[in-house]
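**Student:** just need the structure, nothing else, for what follows:
(chains A and B)
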Amino acid sequence: MGGIEIGTAETVVFWVLGPIALAGALGMVLARNAVHSALFLVNTMLALGVFYVVQEAPFLGAVQIIVYTGAIMILFLFVLMLVGRDSSDSVVETLRGQRVAATVLGIGFAGLVGAGIARATEGMVVTGLEGVQGGEGGAADGNIEAIAGLLFTRYLLAFEVTSALLITAAVGAMVLAHIEREPGSRLTQKERSRARFLTSDHPQTLPGPGVYARANSIAAPGRLPDGSPAEASYATGVEPQVVEELPPGDPAGDGRDPGAGRGHGPDAALGTTRGVTR
Amino acid sequence: MIEAPDLSLSALSPFLFVFGAALVGVLVESFAPRHVRQPTQVALALVGTVGGFACTLLLAGRGEVTAAGALAVDGAGLFLQATIAGLGALSVLLFAERALDPARSAFVASAAVPAGSPRDRELLTDERVQTEVYPLATFAVGGMMLFVAANDLLVMFIALEVLSLPLYLICGLSRRRRLLSQEAAVKYFLLGAFASAFFLYGLALVYGATGTVQLAGIRQSVTDDGTGTLLVLGLGLLVVGLMFKASVAPFHTWTPDVYQGAPTPVTAFMAACTKVAAFGAILRLLYVAFGTADWTWRPLVYGIAIVSMVVGAVLGLTQTDVKRMLAYSSIAHAGFLLTGVIGLDAGTGSGLAATLFYLLAYGLTTVGAFAVVTLVRDGDGEATALAQWAGLARRSPLTAAIMTFLLLALAGIPLTSGFTGKFAVFRAAIEVGAWPLAVVALVTSAVAGFFYLRLVVLMYFSEPAEDGPSVGVPGLPTTIVLAVTVAATLVLGVVPGSVLDLADGAARLVG
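**Tutor:** Numbering: from 1, shown residues only, chains lettered A, B, ... in the order given. This is a model prediction of the structure:
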């Protein structure tokens, strides 16, 4: 079997992206934050996509990047964001020594399989796509034709049965996530609005909170024309805030704005200093 | 220009029936009004499974490879497919039982409603049922039938997923003790995904070593080039993935929890059908792909057979719950089945036929045993604690007698199918010189017999508790299941000749 030379560029790509892919995989497992995990996985998948392209499989590389990195990982992120990204692992061990045992066994297993594969592939001649799948209709002729050929001939059954898998997944998602509501168990917009007009004094929206120079929150009630707080604008579940008045103006009342705090400087006018002697 | 592959529709007919019924079931779920769904779904699932069963019987005697070498139609495959379809139909009958639970089903009304919420309590007595279980179970049956006929590791992997995914789902749909059921589903899903990853890794390594995923191609490569490290490593990982599904110790840790948490009809389905499917795939992989290099797997299978028998029998002794006890019994039986797998000797051994017979006998008995478990109930649903079964014979002599008979069959007492099955697999093991394994199997059979008999003694010779469980009067579906399983267990024990001959005649694998 005639071996082929691996070009310098390919070697460089491998040694640059290999560590990145590995770091991404380790980061995915070790990251505490689920979103970081997902992003590490994106990293690894992108690196794998480039590897596929380098290995003369441009179609697979493109699919890897578009489908896995583009679609599936983004869906992962969506789900993580929807579920709440702050749900972190519990550090309580229900089984004593489980983490240590898992780490030791995991590293041991990885070592065993890694050493086995390294031993088995030692001194293997590099053949290239032409040597393995060349010839009429082979992958070396064109990726897309070869994949199409295989999908509709040798892997036809596998391809068809995958549909059962996808249907099961869709049905399963519906079963576990979709709460069926009885028709009529929820009021429509029209019914709600009708009920509001018939029963309440406030068919319109309630007044909003007030806007003040020194308070800007939902707790600050609006004012009625006579200056008293409008009870309808109280936020539910929040204690209404008593808004501090501006310091009164000159009691002498010389016709100037009572709120200006004349003679006490800007600090007093804004109320930022308290207890300033008049 | 792509040449169309040879595709024998007649060979595919069992799958077309089963998957077709499942697909129609999904459509019914979407379009039919709620009150007609339950009867329609039951009918569809029965048509699918019984139709699949009939098709496999019509195909009997065929021996060919179709769908571009991806599907093997042979005696062993058809025998197992018929077993799976038949047991699947019995399980569907158990699913359909409406007379036992006051809420008229073992399945939850709405799986998406959080367990314990006010809405959940409201729905507890609602007659609504999540009828998606029927198409899902039918999909699982289809996946299992494909699993035992897959002549290609890739198809085998996809079939593994097709059979597992619905099972993960329906494990979590129990009406009562919902949190336990959901925990079981999550556990099964996580560990199952892990096992699938092992299988896939093994598949990749085998492909790397031989350049093909077809079992015949692997066999050719093994014969021509011998076995390298890569191939043996791949085989090991494939076996781990399959043994997980067959719940063979030491890959059994999910079994007791999942069997206990899942709704009992689903447990019956899993215990019977999944085991048949997993062993079908194990037999096909080991005999067809690696039959000429049996030194690679024989020590491995030998070892885990012993571990499984010992773990199942010894830990079964300590259980206080009937469903967990039956789970450990299933682990022990997986070990007994592996003694049959060992009994392959260059095509002349009787191991294959013995294992086929054992799978049929064990599947029928297990479905029956779990069907009895669904009958014994108290206010909270099924009464599965062993203590609650005390004095059951006083309350319902018939139920206790049926359970006793099925337990004796599981223990392997003569005149039951269990004895015939055990005799066949042990003889197969001894024929190839694996007598130490047969000795271990006999000893562990005796140990396992103890915990079956303990339940029998409890039922007959204990005083019934004051507030003990009552025995429900089963409706037609469960009655049919009990009648069929008890009759089959008896017939296969007393006059097993014709079925043994059938298994012998079917014991042929193409590839």
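
**Student:** need the residues of chain A near chain B, please.
**Tutor:** Residues of chain A lying close to chain B by CB under 8 Å from any CB of the partner chain are A:113, A:116-117, A:119-121, A:132, A:148-149, A:152-158, A:161-162, A:164-165, A:167-169, A:171-172, A:174-180. (Glycine included, C-beta is placed from N, CA and C.)

**Student:** report the buried members of these.
**Tutor:** A:116-117, A:120, A:149, A:153-158, A:161, A:164-165, A:167-168, A:171-172, A:174-175 (16 or more other CB atoms under 10 Å in any protein chain shown).

**Student:** counting only strands, which of those residues make the cut?
**Tutor:** Counting by DSSP state E, none of the members of these fall within strands.

**Student:** stretch B:45-59: how far from the chain's middle?
**Tutor:** Mean C-alpha position of stretch B:45-59 versus that of the full chain (CA atoms, centre = their mean, to the nearest Å) differs by 18 Å.

**Student:** so which bits of it are buried?
**Tutor:** Of all the residues in stretch B:45-59, those buried under the rule 16+ other CB under 10 Å are B:45, B:46, B:47, B:48, B:49, B:50, B:51, B:52, B:53, B:55, B:56, B:59.

**Student:** verify the stated contact: the fifth one with residue B:92.
**Tutor:** Yes: counting by CB atoms under 8 Å, residue B:49 does reach residue B:92; the two are 6.0 Å apart.

**Student:** overlap in contacts of the two?
**Tutor:** Common contacts of residue B:49 and residue B:92 (CB atoms under 8 Å, 6 or more residues apart in numbering or on different chains): residue B:138.

**Student:** residue B:312: what's it in contact with?
**Tutor:** By CB under 8 Å, 6+ apart, the neighbours of residue B:312 are B:249, B:252, B:328, B:329, B:330, B:331, B:332, B:333, B:334, B:335, B:444, B:448.

**Student:** got the phi/psi numbers for the closest residue to it other than its chain neighbours?
**Tutor:** Closest residue to residue B:312 apart from its sequence neighbours, by CB to CB, 6 or more residues apart in numbering or on different chains: residue B:332 at 2.8 Å. Here is the backbone geometry of residue B:332 (degrees, to the nearest 10): phi -60, psi -40.

**Student:** please, which helix or strand holds residue A:37?
**Tutor:** Secondary structure from DSSP states H and E places residue A:37 in helix A:34-54.

**Student:** what about that helix, average pLDDT?
**Tutor:** Averaging pLDDT along helix A:34-54 gives 90.

**Student:** then stretch B:70-80?
**Tutor:** What stretch B:70-80 shows for mean pLDDT is 91.

**Student:** what separates that stretch from the chain centre, distance-wise?
**Tutor:** Computed by CA atoms, centre = their mean, the separation of stretch B:70-80 from the middle of its chain amounts to 17 Å.

**Student:** same check, this time on stretch B:89-108
**Tutor:** 19 Å.

**Student:** what distance do you get for residue B:19 to chain A?
**Tutor:** To chain A, residue B:19 is 6 Å away according to CB to the nearest CB, to the nearest Å.

**Student:** which residue is the nearest non-sequential neighbour of that residue?
**Tutor:** Nearest to residue B:19 is residue B:142, by CB to CB, 6+ apart, at 4.7 Å.

**Student:** quick check: what element follows the strand or helix carrying that neighbour along the chain?
**Tutor:** Using DSSP H and E, residue B:142 sits in helix B:133-149. Later in the chain than helix B:133-149, the nearest helix or strand by DSSP H and E is helix B:153-171.

**Student:** one step back: tell me the one among the buried residues of stretch B:45-59 nearest to chain A.
**Tutor:** Nearest to chain A among the buried residues of stretch B:45-59 is residue B:48, at 12.5 Å by CB to the nearest CB.

**Student:** the closest one should be in a strand, yeah?
**Tutor:** No: remark: residue B:48 does not belong to a strand; assigned using DSSP: H, G, I helix; E, B strand; the rest coil, it is helix.

**Student:** verify the contact between it and residue B:140 for me.
**Tutor:** No: in this structure, residue B:48 is not within contact of residue B:140 by CB under 8 Å, at 11.3 Å.

**Student:** what is the neighbour count of the residue of the stretch 251-400 of chain B found nearest chain A?
**Tutor:** Nearest to chain A in the stretch 251-400 of chain B, going by CB to the nearest CB, is residue B:253, at a distance of 11.4 Å. Residues lying near residue B:253 (other CB atoms under 10 Å in any protein chain shown) number 14.

**Student:** grab the nearest non-local neighbour of it.
**Tutor:** Spatial nearest neighbour of residue B:253, chain neighbours left out: residue B:191 (7.2 Å); criterion: CB to CB, 6+ apart.
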